[in-house]
Every structure is written in structure tokens, then in C-alpha cells.
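J.: Give me a model of this one.
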Amino acid sequence: MEKYTEGILRLKKFAERAERGEELTLGFFGGSITQGSLASEPETCYAYRVFDWWQKKYPNAVFHYVNAGIGGTSSHFGVSRVHRDLLMYRPDFVVVDFSVNDEPDEFFQETYEGLLRNIWYSDTKPAVILLNNCFYDSGKTAQEFHNAVGDHYQIPHVSVKEEIYSMLTEGKYTQEELSPDGLHPNDLGHQLLAEKIAGTIEKILEGGKTPELSGGPSEAEKGKENPEKIACYTQNAYEKAVRLTIENGTPELLGFRADAEEKTGHLDFFKNGWVGRRKGDRLKLVAEGSCIAVQYRKTIHKPSPVARLILDGDTGNAVVLDGNFEETWGDCLYIEPVLHHGEKGTHTIEIEIMEATEEDKAPFYLLSFIVA
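T.: Numbers count the residues shown, from 1 in each chain. Coordinates of the predicted model:
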């Protein structure tokens, strides 16, 4: 039998299932571009266009669409929410996109690997495409760090910088024609994204030349239907990251309260957390792990309270959690790492409101703890 890399083999098997008219689920997981920011309608974002492309290519199949994009979020948040927002729908095909929200560094390379391993080794063994977006005004992207991980697992990827961004530098398009803000594509930009993804898939399905990938499974592992997990590319401390909210976290509340409003979906961001309003409001959580981060709201509705976080009683290295957001695009699901590759064991996290006034327009909102 002809040997393919595992990533190509999965895409071919997915297409064979579609050809047979099976019922399949397509998932899209990423940040604001995946969510559809600046697309005129949900149906004109790249994710829905790719979904529609599959429907037209295989009209006898039944496809389901899961868009799990959340604007302004990284793979650090992604690895902690991937089961609830994506994998519980048991996708058969997934596009992953975090290359403009992750910084191009080793920390996010590690959180990205943890995310990919969750998707890649999930029960449905989905076909996966990595989408590497970039800033249209600078070309900045985390694709070098992301693709090193993707190549390790031999997962196909699409580069905006090498294809669409190069059209800008060559003068085929102006930035304004594709992206009003230098980052988020308009309808034409989303269309080009979808075309590049579809074109990559077509080349693979037609057996044409695909980018050479380094690393990945051994020759003995290639072509196996259920290959063993291969060695990690990074230290991979985040693969088993857990997000603690009011659903599964039980901090001691000393002034903070649990938010009683019901969450209606993954885009109903500021729910299932804890609220602090007054100076001196505190909470205390005991957690097990070697990597810890706190996720809280930075709001444009200023002023908002300012808190501090103390880890394991170390007041000399308290971390300031400022609820005021200096950007203007909207409230931010901000993540503050407070322990990375620390001692694995039990840690105590204390958060206390240090600054609050009667003029505050929004309370301090603690969304979650991310522990790995």
C-alpha cells in the first residue's frame, strides 16, 4: 500500500468517508479570525466557506459545522477549553488557527503542542489542517514555532504569510483591500483564506506534491490506523491543562461571590466565574500542578478594581491583576501565567482586591484558573 504521512492519510480517509455519504462533523478552532471577525456575515468567514466547500464537493454526505473561535484568545486558553468547545462534538476534520494570538516564542509553542495533541489523539482521530494567519501590516506570525510542532506530527499547514501576504508585498492587493485593520480579513480576505485551505486539501487528495515535512512518526508508525503517541516536541506540560471555573473549582470565598448568571454558549464569555467588588474581597484556591495561570477580565468600562495574586504565600512577588484595559476593541479574556514549569505539587493561590471605588463601572471578574 502506498505510504502517506499520517496527516495526509487522515485527510484521504476523511474524503473517502464523505464520498460514501457519511455524516461528518467539521470543527474550526482558533481566535477572532476563525470566529469571523470583520466578515460581513457568519457565512462569509473563512471557516463557513471551507465548510460550504466540503458540502459542494461531496453533496451526498451530511456535514455538521462547529465554529469554536473566540476572539483575542491564545492556544494557552485553547488547550484548557478544547474538550468543552470542540472535542465533545467529536469532529472528523479540524482547522486550528492561533498564529496571530500566540506570541512567536517557546512558551506558546508548548501550549500549542498541548492543544494539538489533544485534538490529534482524540477518539475520532480527525483530519487536521493548521492555519497560520499573520498581521497584514507587518507579516508577524507564530507560524515558525507552530509549524515546527505541526511538522513533528506531520500535519499539513497553510501559510498566509507565504501566500496571501506575499500578494501584498508583490502589489497584487493593497492591505486595505484585504484587511481594514491590518489583522482581520474582510470578506475578500476570508475568501482567499478559504481558497488556500481548499487548494491545499485538493492537492493532497489528488496526490499532488505537498510540502515536505520533517520529524513525525517513524517509518513503522506511518500508515497505521491508530498510531501510538509519538514523543513530544516540547516539554509539553500543558497537554492535560484543566480550566477551573465555578463548575469544577471550589475556592474559599472571602468577599468574592460566584456569578449566578447562566452561561448560554462558548461565546457568552464572562460567566461561570467569580466577582469581587470591594477593597479587601478575597478568595483562596488550592490546586495541584506545575503550571498555573489566572484568567480575568480586562474591561474597557473603566474604572474597574485592581487585585493582586499571591502564590504560595510569597508576598514579595505578588502579581498585579489590573481589571482596566488600555485597548479599545472590547473586554479582554486576559490570561496571566503565575507559574511555568514550577515544582509539581500542591500550590495555594490567593487573590485580593487592592483598589476599588464607588465610581467603578464594572467589578473585578475572575473567569478561571488554568492548571497543568
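
J.: Does anything pack onto the least confident helix or strand in the chain by mean pLDDT? Which helices or strands?
T.: Sorting the helices and strands of the chain by mean pLDDT, DSSP states H and E puts helix 164-169 at the bottom, at a mean of 89. Applying 3 or more Cβ pairs under 8 Å, 6 or more residues apart in numbering; DSSP states H and E, we find helix 164-169 packed against helix 175-178, helix 187-205. To be clear about C-beta, it is placed using only N, CA and C from the backbone, and glycine gets the same treatment.

J.: quick one: which of those is nearest Asn101?
T.: Nearest to Asn101, of all these, is helix 187-205, at 15.7 Å by Cβ to Cβ.

J.: Contact partners for Ala307?
T.: Going by Cβ atoms under 8 Å, 6 or more residues apart in numbering, Ala307 touches Gly276, Tyr296, Val320, Leu321, Gly323, Ile351, Glu352, Ile353, Met354, Phe364.

J.: can you pull the contacts of the second one?
T.: Counting by Cβ under 8 Å, 6+ apart, Tyr296 makes contact with Ala307, Leu321, Gly323, Tyr334, Glu336, Phe364, Tyr365, Leu366, Leu367.

J.: Please apply the same query to the fourth one.
T.: Contact analysis of Leu321 by Cβ under 8 Å, 6+ apart lists Val294, Tyr296, Val306, Ala307, Arg308, Leu309, Glu336, Ile351, Phe364.

J.: could you redo the last one with a cut-off of 6 Å?
T.: Neighbour list for Leu321: Tyr296, Ala307, Leu309 [criterion: Cβ atoms under 6 Å, 6 or more residues apart in numbering].

J.: want to try a markdown table for the residues you listed, with distance to Gln175, pLDDT and secondary structure as columns?
T.: Below are those laid out as a markdown table (distance: Cβ to Cβ, whole Å; pLDDT from 0 to 100; DSSP: H, G, I helix; E, B strand; the rest coil):
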| residue | distance to Gln175 | pLDDT | secondary structure |
| --- | --- | --- | --- |
| Tyr296 | 34 | 97 | strand |
| Ala307 | 39 | 97 | strand |
| Leu309 | 39 | 98 | strand |
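
J.: Leaving out the residues flanking it, which one is nearest to Thr346?
T.: Spatial nearest neighbour of Thr346, excluding adjacent residues (Cβ to Cβ, 6 or more residues apart in numbering): Glu288 at 5.5 Å.

J.: In terms of helices and strands, where is that neighbour?
T.: Using DSSP states H and E, Glu288 sits in strand 282-289.

J.: tell me what that strand is packed against?
T.: strand 252-254, strand 345-355 (3 or more Cβ pairs under 6 Å, 6 or more residues apart in numbering; DSSP states H and E).

J.: and with 10 Å instead?
T.: strand 242-244, strand 252-254, strand 274-276, strand 306-311, strand 345-355, strand 364-371 (3 or more Cβ pairs under 10 Å, 6 or more residues apart in numbering; DSSP states H and E).

J.: mind putting those strands in CSV, distance to Glu103 included?
T.: Shown next, in CSV, are the helices and strands packed on strand 282-289 (distance: least, Cβ to Cβ, whole Å):
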stretch, distance to Glu103
strand 242-244, 20
strand 252-254, 33
strand 274-276, 28
strand 306-311, 21
strand 345-355, 24
strand 364-371, 17
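
J.: still on that earlier bit, looking at the contacts of Leu321, which is nearest Ile155?
T.: Using Cβ to Cβ, the contacts of Leu321 come closest to Ile155 at Tyr296, 32.6 Å.

J.: Now that closest one: closest residue in space, sequence neighbours ignored.
T.: Leu366 (5.0 Å).

J.: what about the chain, any weak spots by pLDDT?
T.: 1-4, 208-227 (pLDDT under 70).

J.: Where do the helices of it begin and end?
T.: Assigned by DSSP state H, the chain shows helices spanning 6-19, 32-35, 46-57, 75-85, 106-120, 143-152, 164-169, 175-178, 187-205.

J.: Just the C-alphas of the last one, formatted as PDB.
T.: It stands for helix 187-205. Extracted as PDB, the C-alpha positions of helix 187-205 are listed here (Å, rounded to 0.1, in the frame of the first residue of the first chain):
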ATOM      1  CA  ASP A 187     -15.000  39.200   3.000                       C
ATOM      2  CA  LEU A 188     -12.400  39.100   0.200                       C
ATOM      3  CA  GLY A 189      -9.600  38.200   2.700                       C
ATOM      4  CA  HIS A 190     -11.800  35.400   4.200                       C
ATOM      5  CA  GLN A 191     -12.500  34.200   0.700                       C
ATOM      6  CA  LEU A 192      -8.800  34.000  -0.100                       C
ATOM      7  CA  LEU A 193      -8.100  32.100   3.200                       C
ATOM      8  CA  ALA A 194     -10.800  29.500   2.300                       C
ATOM      9  CA  GLU A 195      -9.400  29.100  -1.200                       C
ATOM     10  CA  LYS A 196      -5.900  28.500   0.100                       C
ATOM     11  CA  ILE A 197      -7.200  25.900   2.600                       C
ATOM     12  CA  ALA A 198      -9.300  24.200  -0.100                       C
ATOM     13  CA  GLY A 199      -6.500  24.300  -2.600                       C
ATOM     14  CA  THR A 200      -4.100  22.600  -0.100                       C
ATOM     15  CA  ILE A 201      -6.700  19.900   0.500                       C
ATOM     16  CA  GLU A 202      -7.300  19.400  -3.200                       C
ATOM     17  CA  LYS A 203      -3.600  18.900  -3.800                       C
ATOM     18  CA  ILE A 204      -3.400  16.300  -1.100                       C
ATOM     19  CA  LEU A 205      -6.500  14.400  -2.300                       C
END
